[in-house]
Every structure is written in C-alpha cells, then in structure tokens.
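Participant: Fold the following and give me the result.
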Amino acid sequence: MSDILNEKVDLSALNLGSFTLSALLGAVVTFCICVIAMRLILSLLRRMLDKTRLDATLRKYALGAVRLVLWVIIVLIVADQLGIPVTSLVALLSVLSLAVSLAVQNVLANVAGGLVLLVTKPFAVGDYVDTPCGAGTVKDLTLTYTYLDTPDGLRIAAPNSSISAGKITNYTALGTRRIEHAVSASYDAPVQTVRQALLDAVARTPGLLDKPAPEVYVNAYGESGIEYVVRAWARTDDYWPAYYALLEGIKTAFDQRSVEVPYNHLNVHIVDPVRVERETKA
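Facilitator: Below is the predicted model of the structure:
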C-alpha cells in the first residue's frame, strides 16, 4: 500500500513536475480544510458587516471580493502542497491580471464609480434624480451601471463613472419641493387684491402644505403689467399634480377678483395715401 502511495505521477508534459499519490491526498485534505476555513471567515465577516451601516449592495460586493481573494490563496496553498512552483503561478496570475486590467479599463472605471456611489449614497433606489446621463427614477444600482426609468417610459443605463464625476440633483431625498409660478397682472389691479387672489388659489389647491407658509411677492414691473411670484410647498409625490392645479387655480382666482392678466396688443393703423398727399400739399 505504501508503494502505491509513494508512486510518482509524471506530469512533465504539463510542465507541472511530478508528485506522489500521498502528496495528492494531502492536497485534497488541505483543500477541504481551507474551504471550511474560508466558509468560517466569510460567515464571521458577514455577521460583522450586518452590524455596520454599509449599504446591502456594498456588503454583497465586499463579501464577493473577499471570497475571490480567499479562493486565490487556497489555489496557491494547494499548488504548493502538490509541489507546483508557486512563484511561477503568482507571476502568471500577475501577467493575466495586468492584461485583463488593460482590456477592461472602462469597466474598472465604472466599478470605481459604483463604489463611490455606494459609499457616498447621493441617491437610493426609488429616488428621482437628474444626472449627467439624464433624469429619471433610480430602478437599480450595480457596480458598473445605474438604471434610470424616465417619465416617458424609457430606461437609461448610465455608466457609474459618468454619474459619479458629475452633478447629481436628488428631487426625492428631502421629501418636499417648492412650487414657484411667475404671473403678471394689470397695473390697474391693486397689489393687495392680486396678492389675496394668489393666496386664495394656493388655499384651494389640493396637495399644498401649510408649512412652510406660501409666499407672494412683487417680482418686476413689466411694460404692460406687474409681475408677481407665488411660492408654495408640496410633498415630492404631490409636486406635479399640485404644480398644474395651482397654475389653473390662479386664473380662476383672478377672474373671481376681476384681476386682468395683461397680454401684448397690436395696433394697426390704415393710412390713406391720397389723404396724406392732400394734407402734405395743404
């Protein structure tokens, strides 16, 4: 039996040298022990990460990275147990890593951008954001791409490198948004009457908040009327319905208080050339 275990297997054709069956059995045992140790390490790391405030996606990718590193270490340990030159394997892995990194530079840039987004958390799934790649509701966030659903039914796959390097406007994070309309009224309408009409329109518009209180100001003096600005707050989910409802309500409030909305007029003068000639000679 000992002779069988000590019998050498020739793998010179594969440039891996030769090893005994006893070494092979030892490598199998070592592999099993390493796998058990890896599972224990990953289980312990998972429990530690669950106690932190890291994003769930970031925790998943962190565990995946540690698992990959541990598998590489296991392969090197088993190779050393079999008598395979570990230095050669490390050199080969280094060359392969360099080649892969050069081939996927854009992917690595997106991964780096994804990690930045996961750590800084400028938005979450479900938020409506405006990014350098477009605006929409965040559907999913991966290491390489952020997926946005636009209001007109399109899905944008935005590279994380572009998003993380530009300006991001999150319309959902604070929970409320301010509605602002600029309207003009005739110079003949008293300022207090116009202000009260605008406040009446705000009070009758569903979805607007009492606090912060609505505001009405004289904004500018135009050629044919005074420009007023009205501001009110709404929840993010109610923003667009309240936006258009207030716009419609302003016209109704103006009509009720007899406030005229100025508009451009065009005066046409018809000139009689014969009459002009007579007046000129006279």
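Participant: What distance do you get for the closest residue to residue 171 other than its chain neighbours to residue 134?
Facilitator: Nearest residue to residue 171 in three dimensions, chain neighbours excluded: residue 128, at 4.7 Å (CB to CB, 6 or more residues apart in numbering). Just so you know, the C-beta spots here come from the backbone N, C-alpha and C atoms, and that holds for glycine as well. Separation of residue 128 from residue 134 (CB to CB, to the nearest Å): 12 Å.
Participant: of these two, who's got more company?
Facilitator: Between residue 128 and residue 134, counted using other CB atoms under 10 Å, residue 128 has the larger neighbour count: 21 against 13.
Participant: mind listing what's buried in the strand or helix carrying residue 200?
Facilitator: Using DSSP states H and E, residue 200 sits within helix 191-204. Neighbour counts using 16 or more other CB atoms under 10 Å place 194-195, 197-202 of helix 191-204 among the buried residues.
Participant: with the residues you listed in mind, which one is nearest to residue 38?
Facilitator: Proximity of the buried residues of helix 191-204 to residue 38 (CB to CB) peaks at residue 202, which lies at 63.0 Å.
Participant: residue contacts, that closest one?
Facilitator: Residues in contact with residue 202 (CB atoms under 8 Å, 6 or more residues apart in numbering) are 208, 214, 230, 232, 246, 249.
Participant: How about the third one: what's its closest non-neighbour residue?
Facilitator: Right, residue 230. residue 198 (4.5 Å).
Participant: now the fourth one
Facilitator: Taking CB to CB, 6+ apart as the measure, residue 232 lies nearest to residue 214, with 4.2 Å between them; neighbours along the chain are not counted.
Participant: Any chance of the backbone angles for that neighbour?
Facilitator: The phi/psi pair for residue 214 (degrees, to the nearest 10) reads phi -70, psi 160.
Participant: and the gap between it and residue 199?
Facilitator: Residue 214 is 6 Å from residue 199, by CB to CB.
Participant: Tell me what angle the following helix or strand past the helix holding residue 200 forms with helix 191-204.
Facilitator: Downstream of helix 191-204, the first helix or strand assigned by DSSP H and E is strand 215-221. With axes from the mean of the first three to the mean of the last three CA atoms, to 10 degrees defining the directions, strand 215-221 sits at 130 degrees from helix 191-204.
Participant: Within its sheet, name the partner strands of strand 215-221 and how each one runs.
Facilitator: Strands adjacent to strand 215-221 in the sheet, as given by DSSP bridges, are strand 226-235 (antiparallel).
Participant: next helix or strand past the partner strand?
Facilitator: Next element after strand 226-235 (DSSP H and E): helix 239-256.
Participant: which helix in the chain runs the most residues?
Facilitator: Longest helix of the chain, by residue count under DSSP state H: helix 21-50.
Participant: Just after it, pick out the following helix or strand.
Facilitator: helix 56-81.
Participant: Could you list every helix and strand in contact with that following helix?
Facilitator: helix 21-50, helix 86-103, helix 105-120 (3 or more CB pairs under 8 Å, 6 or more residues apart in numbering; DSSP states H and E).
Participant: Just put those in a markdown table and tack on mean pLDDT and distance to residue 183.
Facilitator: Converted to a markdown table, those look like this (pLDDT from 0 to 100; distance: least, CB to CB, whole Å):
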| stretch | mean pLDDT | distance to residue 183 |
| --- | --- | --- |
| helix 21-50 | 81 | 54 |
| helix 86-103 | 65 | 58 |
| helix 105-120 | 80 | 40 |
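Participant: Residue 239: which of those helices is closest?
Facilitator: Of the helices and strands packed on helix 56-81, nearest to residue 239 by CB to CB is helix 105-120, at 24.6 Å.
Participant: now for the closest one, which elements pack on it?
Facilitator: helix 56-81, strand 134-141, strand 145-149, strand 155-159, helix 160-164.
Participant: what sits up against whichever helix or strand comes after that helix?
Facilitator: The helix or strand immediately downstream of helix 105-120 is strand 128-131, counting by DSSP H and E. With CB under 8 Å, 6+ apart as the test, strand 128-131 has contacts from 122-123, 135-138, 146, 148, 158, 162-163, 166-172, 236.
Participant: so which pair among the contacts of residue 202 is furthest apart in space?
Facilitator: 214 and 249 (12.1 Å).
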